[in-house]
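1. sequence and predicted structure below; questions after.
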Amino acid sequence: MKATKQFSNFSCRSRYIYTAAISKALSSSPNRKNLQKLHSLIITFGLHKSLFFTGKLISKYSQLKDPASCLLIFRVNACSQNTYIWNTIIRAMNHSGFYEKALEFYAEMRKAEVKPDNYTFPSVINACGSMMDFEKGRDVHEHVLESGFESDLYINNALIDMYARCNELGRAQELFDGMPHRDIVSWNSLISGYSSNGYFKEALQVYNQLRLDSLVPDSFSFSSVLLSCGGLGEIAEGEIVHGLVEKLGTRSNVIVSNGLLSMYFKFNMLDNCWRIFNEMVEKDSVTWNTIICGYFESGWYQESIRLFSEMVRQFEPDILTITSVLRACTYAGDLTFGRCVHDYMLNNGYKCDTLITNIIINMYAKCGDMSHARQVFENMRNDDLVSWNSILNGYVENQTYQEAMELFRRMKIKFQPDSVTYVALLSICTELTNLSYTEELHCNILKEGFDSTQIVGNALVDAYAKCGKLEDSLKQFENMKIRDTVTWNSVIASCGHSKDSILGFKMLSRMRLEGTIPDAPTFLSALPLCSYLIAKRQGKEMHGCILRFGLESNIPIGNALTEMYSNTGSLRNLILVFEQMKERDVVSWTSIISSYGMYGEGRKALEAFQLMKTGGILPDHVVFVAVIYACSHSGLVQEGRACFEQMKTDYNIVPKLEHYACMVDLLSRSGRLTEAEDFIVSMPMKPDASIWGTLLSACRAHGDVKIAERVAEHVLKLNINDPGYHILASNVYAALGRWDEVRKIRTSLKAKGLKKDPGCSWLEIQNRVYYFGAGDRFFKQHKEVIGLLGVLSGLMAKEGYAADVKSVFHDVEEDEKMGMLCGHSERLAIAFGLLHTSPGTPLLIMKNLRVCGDCHTVTKYISRIMNREILVRDANRFHLFKDGTCSCRDHW
């Protein structure tokens, strides 16, 4: 008997030792394989029905992400009335993300009449919150009240969190206010609920109440409140919270540091972001994601790309980071790195859904690699309308319009186009000035009901204008029920395309009367209108508006102002605007150099070119066109040649046709006609009519008949449809007295239906613009104008003037030729201006064609006789006549 008792005691001690050992081993089990061995041991010892080990095994399998084993173990004890076992399986399902399954077990538990305890409800409530199932959550809350747990701190904290996740913040606040006891988790749940739902102001108010209640925030409090500060843009409040973080030493917590990083990115305080990032002892994947996405959102695309390269050495980026860096490559135009990121995704098995694939297509398309973009597109399993629009826009932006139109035909079989599609296609019409395709698309737009879409309406206004149909553009504009700033900008720009400045100014006034505030693009569309009419007053008024709206620091606006002042004859104002620009780009410098060239200030143009290079701005091919042009119009032959060579040797810019044209102009204007002809012959590309025409014009001016005759043959052989070059050749033959050739050219022009643009000049007096055509007799005070010109002719004759009838290329008598000269439009405009302005008032005359030699001489005489400054802008440049001289120094 004694022996049996001793054996029994030994067995109990052994069982206890084994049980304790297995329990300890279960707690520290590192992997599923090890856990399964322990599970087998438990079964061997007959402990598998033990409630203690059942709970332990379920919890451990849950930690190791094996919900199937959890369910199998639970089913062994499914009939148990023990609350602990039910709590364990509910918690395990929650932990594995099977929230619906957790709620099913809770329903089973109630059906089995197992009484929930205070450990049951937090898990069940969490499942409701995770599913954002407010109805079930409210039911569980009623069960809590029925069970008498309404004062339980942990259950109430879980309920606040659940209501917050379901965006029922009123209930969360009500519950919080009614709690008899609160801990920091209670406060954090409410603050987090408000901040995660975008109620940042309320989150800050709860946080401030927490501080007033003398509670110390923890890392979770700071994480939520920093998000709120960032969302509200409350820099001062954010810095106060940051100060408390430093004081409490909480910044070593990676969650808090990530919150600070995110907040300062929202404030666009990038220096602070970089400092916090560099000082972080511990960084997790969220840290890297935050800084990479933050730099991308701030426009620091290269920095975002660089940080991604560092991150992949330490962490595996999530899909959000990868999409951010792909978009950074798109904006930075970094095709090489974009390809690397795409390869990284493929090599590491990232799943590409439709959204991510669209981003990849867009990256390749925007970086100009349409081959890869098309390959990714064609391999898509689940393409959508965005996919088609992305590839379509890619073709449009890369100017492969035919492929875009073919793709559109394919697209219509599978998807109905949307507004984005039509905007892309209408941009093709603007580039190709394809009216029939515009009208075809407009019909489709009307059929599919997109005519009321703002963005499509704006695109139609622009497309019709670019196709030369201002009337249709205006009709579309008037049919639009809602007009935004873009609509007005489009119609103002349309007037500019059609050179209808008066209508453009009316539209600008109407825009403001209808309450639409102009923006930078408005002024960029409207300022060119001033150039067409020399509308100096309107230009100055717009400049005043730009200053009032605070847009003067906008670089494109500054560039547009300089161009406007240049074209309206205000070089002094142009220089003032240029000098006041805080930042200048290559366009700014091109504008000032070109303007100096137009005004015959070649030396100043070269000085500006030098300052530009000293300032670190690299000249492009357009700058060299401007600077050689400036040299040409000031007779600076050697300097122009040096710039042409510098372009090739110092900047590796291959000269284009326009550069060769400028060089021919440079040599021709200076009288080096043979050298100019040799230069044309030696060109590596075929010269066009403009190049031969430049030399032909110079031959006529310098009286070189032999070269002129050869060049005229070249011009006529090109058989172009521009009547100007045919007229130029005709004028050369007229100067040679070869009237048969003249008649032949003019007959040919008539047969082709080509007409020379008639000469036209205009000027502005007291806010009104007056127009004059060559030989015009139908304007007010014609008799007085002709009388004044007669008086001036007599005064000029006394000073030695003799009419240069070589400027008249008609086979008529000398007297008739002199009468024709007197009727040139610029002379009529000058005489009219002299009659209608006070003595000494400067005159500004605009002409659509080049000033003839005789009118140039006459204007010099008039400036001296009448003691007037006369600024004439012809098709080539500005001429400032003063005291009998011209600023061009006869290099025109």
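-> In hand now; what should we look at?

2. kindly confirm my reading that residue 772 is in a strand.
-> Yes. Note on residue 772: a strand contains this position according to DSSP: H, G, I helix; E, B strand; the rest coil.

3. run a quick neighbour tally on the nearest residue to it once chain neighbours are set aside.
-> In space, residue 772 comes closest to residue 828 once its chain neighbours are excluded; the distance is 4.2 Å by C-beta to C-beta, 6 or more residues apart in numbering. C-beta coordinates here come from the backbone N, C-alpha and C atoms, glycine included. Residues lying near residue 828 (other C-beta atoms under 10 Å) number 26.

4. the one 3 residues further on now?
-> Burial of residue 831, expressed as a neighbour count using other C-beta under 10 Å, amounts to 23.

5. so which elements touch the helix or strand hosting it?
-> Under the assignment given by DSSP states H and E, the secondary-structure element containing residue 831 is helix 825-836. Contacting helix 825-836 under the criterion 3 or more C-beta pairs under 8 Å, 6 or more residues apart in numbering; DSSP states H and E are the following elements: strand 760-765, strand 768-773, helix 782-798, strand 843-847, helix 853-865.

6. buried residues, it. List them.
-> With burial defined by 16 or more other C-beta atoms under 10 Å, the residues of helix 825-836 counted as buried are 825-834, 836.

7. per-residue confidence for the residue nearest to residue 517 when sequence neighbours are not counted?
-> Closest residue to residue 517 in three dimensions, ignoring its sequence neighbours and counting by C-beta to C-beta, 6+ apart: residue 485, at 7.2 Å. The confidence metric pLDDT takes the value 94 at residue 485.

8. not counting its own residues, what contacts stretch 726-736?
-> Identification of contacts with stretch 726-736 by C-beta atoms under 8 Å, 6 or more residues apart in numbering yields 693, 696-697, 699-700, 705, 708-709, 711-712, 715-716, 739, 741-742, 745-746, 748-749, 754, 756, 806, 809-811.

9. in this protein, where is pLDDT below threshold?
-> Across the chain, residues meeting the criterion (pLDDT under 70) sit at 1-18, 45, 48, 78-79, 533-534, 719, 805-821, 891-892.

10. change it to 50
-> Applying pLDDT under 50 to the predicted model, the residue ranges of the chain that meet it are 1-11, 809-817.

11. in it, which residue is most central in space?
-> Residue closest to the average C-alpha location in the chain (C-alpha atoms, centre = their mean): residue 331, at 9.0 Å.

12. pull the CA atoms of stretch 394-402 into CSV?
-> Once non-C-alpha atoms are left out, stretch 394-402 reads as follows in CSV (Å, rounded to 0.1, in the frame of the first residue of the first chain):
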residue,chain,number,x,y,z
GLY,A,394,2.1,58.4,-74.9
TYR,A,395,1.8,58.3,-78.7
VAL,A,396,0.4,61.8,-78.7
GLU,A,397,3.2,63.2,-76.5
ASN,A,398,5.9,61.4,-78.6
GLN,A,399,4.3,62.9,-81.8
THR,A,400,3.5,59.5,-83.3
TYR,A,401,0.0,60.6,-84.2
GLN,A,402,-0.8,57.9,-86.8
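
13. wasn't residue 648 part of a strand?
-> No. Secondary structure of residue 648 (three-state DSSP): helix, not part of a strand.

14. spatially nearest residue to it (excluding sequence neighbours)?
-> Distances taken as C-beta to C-beta, 6+ apart place residue 655 nearest to residue 648, at 6.6 Å, with adjacent residues excluded.

15. assumed the one you found was part of a helix.
-> No. In this structure, residue 655 is coil, not part of a helix, as judged by three-state DSSP.

16. OK, contacts around it?
-> The neighbourhood of residue 655, defined by C-beta under 8 Å, 6+ apart, consists of 644, 647-648.

17. try it again at 10 Å.
-> For residue 655, the contacting residues are 621, 624-625, 628, 644, 647-648, 662-663, 683-685, by C-beta atoms under 10 Å, 6 or more residues apart in numbering.

18. in helices, which of these fall?
-> Under the assignment DSSP state H, those contribute 621, 624-625, 628, 644, 647-648, 662-663 to helices.

19. quick one: which of those is most hemmed in?
-> Within these, neighbour counts (other C-beta under 10 Å) peak at residue 628, which reaches 29 neighbours.

20. what's the distance between it and residue 41?
-> Using C-beta to C-beta, to the nearest Å, we find residue 628 at a distance of 92 Å from residue 41.

21. where do the helices sit along the stretch 551-700 of the chain?
-> With DSSP state H, counting those that start in this stretch as the definition, the stretch 551-700 of the chain shows helices at residue ranges 555-567, 571-580, 586-598, 602-614, 621-632, 637-649, 657-669, 673-681, 689-702.
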